[in-house]
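Engineer: here you go, sequence then predicted model.
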Amino acid sequence: MSGSLFPLRPIAIVDDEEFVLISMDNLLRSEGMSNIISVRDPKTLLDRIEELSIDIILLDLLMPGIDGRELLSRIRSEHPQTSVIVVTGNRDIENAIECMKLGASDYLTKPVEGTRLGAALRHLVERQELEQENLAMRDRLLSSRKDRPKAFDPIATAGRSMGPILAYTETIAPSSHPVLITGETGVGKELFARAIHDLSGRKGEFVAVNVAGLDDAFFSDLLFGHRAGAYTGSQGGLDGLIDRAKNGSLFLDEVGDLGNSSQLKLLRVLETGEYYPLGSDLLKRSSARVIVATNRDLQSAIASGGFRKDLYYRLHSHHVHIPPLRERREDIPFLVERFFEESSDELSKKLPSFPPELFGLLRAYDFPGNVRELRAMVFEAVNAHGGGMLSLRSFKEAMGEHGPSAQSSAPSPSAVPSPSFSSPLPSLKEVTELLVDEALKRAEGNQSLAAQLLGISPQAVSKRLKARQTKASNPG
């Protein structure tokens, strides 16, 4: 890579003293950094960030004519994608804490150790490159979404795992056959039901109802309606939801919770398209397309006698299964961006900037409540946000004992599958190395988060990595 610049986008050194700029430049070049810009007048910096595509800034706080903390705050506010490392002679801990709250990625005191600065910069460069790759991928996906129907706009996804599901959904949307949508609670089943309706071309309404907990009488009345005097207290007739969904779509959520009698009535409607309102002998026909959803395993329910096999096969004409969020973690950045925008609009708050560690933290969590839980987390964080960089505290509190930093909630040995080893057994040192590698992989290279996953200190992770690097550079 002779003659190439590293990193691809420049690092800016901001200091009012010429000898410091020269010293820092030499220090960075000794650490393999060659794309460096020196800025002696901090007042010109904000204008040059976009002009020069600066991703990382080394910022001195003590400069004449401008307060470094104020400049740091403006950089993070006006250019949130630009990372700032504070390099200063001020060793005051309160000052360091204030700078980190304002959004600094690190706080180093002069004289700066070259290896520490180099490691901090390489970490930031890798993170910036990953973020730029994600943005490029998003831009490609957004450009391809010109071919994706507008009905899918509410479904934020990177497309890798959900792409085939969306394509299948679009294909079956115009059909008049029932659709069964399955997936865990909170994955977005109603969003898919609405998309199917919007893509179907039907002129009628989309009518949705959650049927969990409805007894047979209430289900029949709600779905089919009743004539006047059908039962005590019914003074006038009432059309059912199936009438409201005429030439449209009727969405029944949690269909797996219906009782046997209600299942039989639904089966009759699906088979014949006919039904009677309560208390009426006038046969009516339905023109509604039926879409149902459940978080239950209907095959198991059939085996236990809790769900009718004939209804299952009638509903299974088209089957859309939505995977849980833990199986499509690549969607998390897209969902987070969507929910930040929604929460800022709904709560009338300025769109906050958030630390890059947020995505690593979220990807390390399994989200038992799926997309709905993620949305609630973001809304709560934005609601509690007062200004500056968004805190991770709200997210960690929401995760509770199931979060990546919780070590006390580990499952019992009987609940954890025993690992299988080849012969001979690996040494404890080899197993430790594998654990560290896996934690770093799950934390996307973030050593602090990897340390939380392992239940050790960040310093311990750093020490192990340095020892590995030393051994690699000095074999034998």
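Structural biologist: Received it, and whenever you're ready, just let me know what you need. Residues are numbered from 1 along each chain as shown.

Engineer: use CA for all of it now, contacts and neighbours both
Structural biologist: OK.

Engineer: so what pLDDT did the closest residue in space to E380 that isn't next to it in sequence get?
Structural biologist: Spatial nearest neighbour of E380, chain neighbours left out: S394 (7.2 Å); criterion: Cα to Cα, 6 or more residues apart in numbering. You'll see S394 listed with a pLDDT of 89.

Engineer: which residues does S394 contact?
Structural biologist: Residues near S394 by Cα atoms under 8 Å, 6 or more residues apart in numbering: 377, 380-381, 384.

Engineer: how about 10 Å then?
Structural biologist: For S394, the contact set (Cα atoms under 10 Å, 6 or more residues apart in numbering) comprises 377-378, 380-385, 400.

Engineer: let me know how buried the closest residue to S53 other than its chain neighbours is, in neighbour terms.
Structural biologist: Leaving aside its sequence neighbours, S53 sits nearest to R9 (Cα to Cα, 6+ apart; 6.3 Å). Neighbour count for R9, taken as other Cα atoms under 10 Å: 17.

Engineer: how is R9 assigned, secondary-structure-wise?
Structural biologist: Each residue gets one of three states, and R9 gets coil by DSSP: H, G, I helix; E, B strand; the rest coil.

Engineer: I'd guessed it sits against E51; true?
Structural biologist: No: if you go by Cα atoms under 10 Å, R9 and E51 don't touch, sitting 11.5 Å apart.

Engineer: domains in this structure, by residue range?
Structural biologist: Annotated domains of the chain cover 11-139, 154-323, 328-402, 421-473 [automatic domain parsing].

Engineer: now render those domains as JSON lines, adding distance to R148.
Structural biologist: JSON lines is the format used below for the domains of the chain (distance: least, Cα to Cα, whole Å):
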{"stretch": "domain 11-139", "distance to R148": "14"}
{"stretch": "domain 154-323", "distance to R148": "9"}
{"stretch": "domain 328-402", "distance to R148": "16"}
{"stretch": "domain 421-473", "distance to R148": "30"}
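
Engineer: lowest average confidence across these, which one?
Structural biologist: Mean pLDDT is lowest for domain 421-473 out of the domains of the chain, coming in at a mean of 75.

Engineer: run the chain-centre distance for that domain.
Structural biologist: Mean-position distance between domain 421-473 and its chain equals 26 Å (Cα atoms, centre = their mean, to the nearest Å).

Engineer: and what of stretch 457-474?
Structural biologist: Distance of stretch 457-474 from its chain centroid, counting by Cα atoms, centre = their mean, is 31 Å.

Engineer: contacts for that stretch, please.
Structural biologist: Contacts of stretch 457-474 with the rest of the structure, by Cα under 10 Å, 6+ apart, involve 432-433, 436-437, 439-440, 446-452, 454.

Engineer: now do stretch 432-451
Structural biologist: For stretch 432-451, the surrounding residues in contact (Cα under 10 Å, 6+ apart) are 123, 126-127, 130, 356-365, 404-405, 426-431, 452-462, 464-465, 468.

Engineer: which parts of stretch 384-391 are buried?
Structural biologist: For stretch 384-391, a neighbour-count test (16 or more other Cα atoms under 10 Å) marks 385, 389-391 as buried.

Engineer: what's next to that stretch, contact-wise?
Structural biologist: Contact with stretch 384-391 is made by 73, 76-77, 80, 100-104, 349-355, 358, 378-379, 381-382, 394, as judged by Cα under 10 Å, 6+ apart.

Engineer: ends of that stretch, how far apart?
Structural biologist: Taking Cα to Cα, to the nearest Å, stretch 384-391 runs 9 Å from one end to the other.

Engineer: quick revisit: determine which two of the buried residues of stretch 384-391 are furthest apart.
Structural biologist: Across the buried residues of stretch 384-391, the longest distance by Cα to Cα is 8.7 Å; it joins H385 and M389.

Engineer: name the SS class of the most centrally placed residue in the chain, please.
Structural biologist: Nearest to the mean C-alpha position of the chain, by Cα atoms, centre = their mean, lies I332 at 2.0 Å. State at I332, reduced to three classes by three-state DSSP: helix.

Engineer: any idea how far G360 is from it?
Structural biologist: Going from I332 to G360 by Cα to Cα gives 10 Å.

Engineer: what do you get for A460?
Structural biologist: A460 is 19 Å from G360, where distance means Cα to Cα.

Engineer: many thanks, we can stop here.
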